[in-house]
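Participant: here is my input; please provide its structure:
(chains A and B)
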Number of protein chains: 2
Amino acid sequence: MAKLEEKKVSSKKAFSGRLLKLRVDTVKLPNGIRTTREVVEHPGAVTIIALTDRTELVLVRQFRTAAGQVLLELPAGVPFRGEKGERTAKRELEEETGYRAKSVRKVYAGYASPGYSDELIQFYFAKDLKKHKQMTEEDELINVELVDLGLCLDLVRTGRIRDNKTVVGIMIARQIAGGDW
Amino acid sequence: MAKLEEKKVSSKKAFSGRLLKLRVDTVKLPNGIRTTREVVEHPGAVTIIALTDRTELVLVRQFRTAAGQVLLELPAGVPFRGEKGERTAKRELEEETGYRAKSVRKVYAGYASPGYSDELIQFYFAKDLKKHKQMTEEDELINVELVDLGLCLDLVRTGRIRDNKTVVGIMIARQIAGGDW
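Facilitator: Residues are numbered from 1 along each chain as shown, chains lettered A, B, ... in the order given. So this is what the prediction gives:
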């Protein structure tokens, strides 16, 4: 087994924006090699796997500038400074979809793209939903869609869902629905 | 249904590195609001869901600077300029793990984090593997691990797998093993 840990030699800030920062680290590998790593710094995200009483998954359809297209995804958002994940999950679910959940539980946390980004996505499961009014921010235009959980895998297979966190959420929702998570 | 498409007003390059670029777009929403979007440009990635004859998933353990830790993941890499995804899949599988696959097939493509990154990950499935020699690049230190597919979900549930593309791959591998993908 090779030793794997790198040691940071130096770090240079290259960008600081509204959401993201970017730095370039120079690192030394256990084999002595030096190289650089470009790292996007992200505040971290929370996404919500919300199931209605009829076993429908609550999804949002929105335009994504980076992808250059409209995508169908789990609702998600970034915590306010100091906000707990559970609070973010409830807030984003209600803002983006109008569904209010009395309680949510954390079911998984994973990196979106650890080759270059520190973004960790926390996944919360929500059920016993009550429909209220959608209250998106003025720069968020979102359509809500309920999809029968049994049909979700077909949407992935046929390319109508093309967002990895949403595929992870579908898998976890299927396990939860089967009593196995 | 609200109209969703944004219109790009202007775009400013903010960073250009070895792997990544970053730009800041000013966009106009269908409701007339103007806002900015920070977009990471990534060349796109290929990841490989490789199953041995004993239904083990071929995983790699490596240090990830962005995550600040060692992670257990599907093998993956970035295509050479002009390289087809199928070729990248075979090449990266062999370089990172030593396993050679006669043929691979594309089973899914999804965005890693479409809120700010254009990275699209193409997923290829590989079986009928032959073990050769691992040939990583000098700045890649990777340990190979074979994990029984039946145990993989437990590794996700218990936090020993914390990479979203790997969770997507596990789900697809389970569907393929069940004859349903």
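Participant: okay, CA-based contacts and neighbour counts for the rest of this
Facilitator: Noted.
Participant: where do the domain boundaries of chain A fall?
Facilitator: Domain ranges of chain A: A:7-41, A:45-177, per automatic domain parsing.
Participant: tell me the most buried of those domains?
Facilitator: Across the domains of chain A, the average number of neighbours (mean count of other Cα atoms under 10 Å in any protein chain shown) peaks for domain A:45-177, which reaches a mean of 19.
Participant: ok, residue A:12 to residue A:91 distance?
Facilitator: Counting by Cα to Cα, to the nearest Å, the gap from residue A:12 to residue A:91 is 35 Å.
Participant: strands along chain A, start to end?
Facilitator: Taking DSSP state E, the strands of chain A run over residues A:7-16, A:21-28, A:34-41, A:45-50, A:56-64, A:69-73, A:76-77, A:99-101, A:104-111, A:120-126, A:129-131, A:143-148.
Participant: export the domains of chain A to CSV and tack on distance to chain B and mean pLDDT?
Facilitator: Formatted as CSV, those follow (distance: least, Cα to the nearest Cα, whole Å; pLDDT from 0 to 100):
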stretch, distance to chain B, mean pLDDT
domain A:7-41, 6, 96
domain A:45-177, 4, 96
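Participant: would JSON lines of the strands of chain A with distance to residue B:40 be doable?
Facilitator: Converted to JSON lines, the strands of chain A look like this (distance: least, Cα to Cα, whole Å):
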{"stretch": "strand A:7-16", "distance to residue B:40": "11"}
{"stretch": "strand A:21-28", "distance to residue B:40": "10"}
{"stretch": "strand A:34-41", "distance to residue B:40": "8"}
{"stretch": "strand A:45-50", "distance to residue B:40": "16"}
{"stretch": "strand A:56-64", "distance to residue B:40": "12"}
{"stretch": "strand A:69-73", "distance to residue B:40": "15"}
{"stretch": "strand A:76-77", "distance to residue B:40": "18"}
{"stretch": "strand A:99-101", "distance to residue B:40": "31"}
{"stretch": "strand A:104-111", "distance to residue B:40": "16"}
{"stretch": "strand A:120-126", "distance to residue B:40": "16"}
{"stretch": "strand A:129-131", "distance to residue B:40": "35"}
{"stretch": "strand A:143-148", "distance to residue B:40": "25"}
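Participant: determine which of those strands approaches residue B:123 most closely.
Facilitator: strand A:104-111 (17.0 Å; Cα to Cα).
Participant: contacts only, for the residue lying farthest from the centre of chain A.
Facilitator: The centre of chain A is farthest from one residue, residue A:32, which by Cα atoms, centre = their mean lies 35.7 Å away. Listed by Cα atoms under 8 Å, 6 or more residues apart in numbering or on different chains, residue A:32 has no contact partners.
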